[in-house]
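Asker: Model the structure of this input:
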Amino acid sequence: LLRHHRSGSYDYNGYYLLLLRHHRSESMAEGKQKTGQLVLYSYWRSSCSWRVRTALALKGLEYKYKGVHLINNGGEQHKEDYVEMNPTHQVPTLVHDGFVIGESMAILDYLDTAFPDTPRVFPKDPKTRAQAIQCAQVISSGIQPIQNLKILLHVKSKLGDQEKVEWGRRWIASGFESLEKLLVKFSGKYCVGNEVTVADLCLTPQIYNARRFKVDMKPFPTILKIEAELDKLSAFVESRPDKQPDAPEAASG
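Answerer: The predicted structure follows:
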């Protein structure tokens, strides 16, 4: 590796540069960070899993994807080995070098803390952070749980399929009415100012669900404006349901 000059000396500067290039090529391969082993248990159309997929993409973190089908065979989330890992019978679950954590908001907070040199989704500024969490929780606590899969299946079993659709549409529209008013106050390019936050990670999947339930989106121009900006970001594109390995061919085609 060391080049020998006629003078009998060695080119130590050239040796140093060679080592530096080698180190950079290893650590920056494909633009992804070395993280230890990250494994995400996800379902392609799960809103909560989608939030985490977007964060992982935004942060440039490599991970292994393991699909958990929420419907086939009564739902793979109810299998004994999965329940032992995540007693809530839900996705997502993240495993990082053997450390197991569930619940999307907890996972997002963990990723910010465990990988501090990556883009944050919870802002450092206390006021901006509070606004981002407020918007995120309007969705994650106020809208999404009411139209979660197990709630919809229960409504369907009691009242029928049409009532299930109307139930989802009603509660998403109601939640969006409140969210739209907050975003008029807080938003810039994205939900809170001009940086992507946890609020944006929650918003995109909920818009997808709104369209599934045929919610009229015309009353929510601020939400639509933010969606158009988020659609320009590669992290949001690659985390979409139809891009996931467990998505059915009809969805990805």
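Asker: Going by neighbour count, list what's buried in stretch 58-73.
Answerer: In terms of neighbour count (16 or more other C-beta atoms under 10 Å), stretch 58-73 has its buried residues at 58-61, 63, 65-68, 70. The way it works is simple: take the backbone N, C-alpha and C, and place the C-beta from them, glycine included.
Asker: So which elements touch the lengthiest helix in the chain?
Answerer: Across the chain, the longest stretch assigned as helix under DSSP state H is helix 161-186. For helix 161-186, the elements it packs on are helix 126-137, helix 149-159, helix 198-212, helix 221-230, judged by 3 or more C-beta pairs under 8 Å, 6 or more residues apart in numbering; DSSP states H and E.
Asker: Now do it: distance to the chain's middle.
Answerer: 21 Å (C-alpha atoms, centre = their mean, to the nearest Å).
Asker: Low-confidence stretches in the stretch 51-200 of the chain?
Answerer: Applying pLDDT under 70 to the stretch 51-200 of the chain picks out residues 145, 150, 152, 155.
Asker: again, only this time at 90
Answerer: 71, 73-74, 142, 144-171 (pLDDT under 90).
Asker: could the buried residues of stretch 58-73 be laid out in a markdown table, adding secondary structure?
Answerer: A markdown table is the format used below for the buried residues of stretch 58-73 (DSSP: H, G, I helix; E, B strand; the rest coil):
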| residue | secondary structure |
| --- | --- |
| 58 | helix |
| 59 | helix |
| 60 | coil |
| 61 | strand |
| 63 | coil |
| 65 | strand |
| 66 | strand |
| 67 | strand |
| 68 | coil |
| 70 | coil |
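Asker: So which residue is dead centre in the protein?
Answerer: Closest to where the C-alpha atoms of the chain average out (C-alpha atoms, centre = their mean) is residue 51, at 2.3 Å.
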